[in-house]
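[1] kindly return the folded structure for what I paste below:
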Amino acid sequence: MQFDGEVAIGADQQTVWETISDPEVLVLCVPGAEEVERISDTHYKGTIKRGIAGVNVQLNGEVEMNELTPPDRMVADAKGEDELTGSIMTADAQMDLTANGDGTDLSYTMDVEFTGKLATLGSRIMKRKIQSDMNTFFDNLRGRAEE
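    Numbers count the residues shown, from 1 in each chain. Predicted coordinates for the structure are as follows:
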């Protein structure tokens, strides 16, 4: 499943970069995040709990930042596993930050794949849920960066 979009944030580029790089802030922004732990400057571990079409999921996973060009660009790979449903989620994501006056335009692309029980839910259901969670994430991120 492919996702892309752009978000205008009323904060300077460095502030937005620091916000998306802070695991304590991420746990507050990511819907269902139970914990996010920074292992290194480029490696995070965490747990996300969500309900999707009546299926409860607890994804335990890791994110590796493959390309970091502060405060302009971030490219990451993520993998999460839910033992209860035997599902695996993988994602490749890219975020680009561009100064726009006193604010920042954040553009993103993401490719997400599921295996296991989650893959049987249907792409329309999954795409709608993921898009909703992404919108919530970016709204939360905007709120934190603009504080």
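[2] where along this protein do the strands fall?
    Assigned by DSSP state E, the chain shows strands spanning 2-9, 33-38, 43-52, 55-69, 73-82, 87-100, 103-115.
[3] can I get the first one in PDB? Just the C-alpha atoms.
    Output in PDB follows, covering the C-alpha atoms of strand 2-9 (Å, rounded to 0.1, in the frame of the first residue of the first chain):
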ATOM      1  CA  GLN A   2       1.300   3.400  -1.000                       C
ATOM      2  CA  PHE A   3       0.800   6.600   0.900                       C
ATOM      3  CA  ASP A   4       2.000  10.100   0.300                       C
ATOM      4  CA  GLY A   5       1.100  13.600   1.300                       C
ATOM      5  CA  GLU A   6       2.200  17.000   2.500                       C
ATOM      6  CA  VAL A   7       1.700  18.700   5.900                       C
ATOM      7  CA  ALA A   8       2.200  22.400   6.600                       C
ATOM      8  CA  ILE A   9       3.700  23.000  10.100                       C
END
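[4] name the helices or strands packed onto that strand?
    For strand 2-9, the packing partners by 3 or more Cβ pairs under 8 Å, 6 or more residues apart in numbering; DSSP states H and E come out as strand 103-115, helix 123-146. The C-beta positions use only the backbone N, C-alpha and C, and glycine is treated the same way.
[5] what sits up against that strand?
    With contact meaning Cβ atoms under 8 Å, 6 or more residues apart in numbering, strand 2-9 is reached by 16, 100, 103-112, 127, 130-131, 134, 138, 141-142, 145-146.
[6] on that earlier part again, would TSV of the helices and strands packed on strand 2-9 with distance to residue 34, mean neighbour count and mean pLDDT be doable?
    Output for the helices and strands packed on strand 2-9, formatted as TSV (distance: least, Cβ to Cβ, whole Å; neighbours: other Cβ atoms under 10 Å; pLDDT from 0 to 100):
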stretch	distance to residue 34	mean neighbour count	mean pLDDT
strand 103-115	20	17	96
helix 123-146	14	16	94
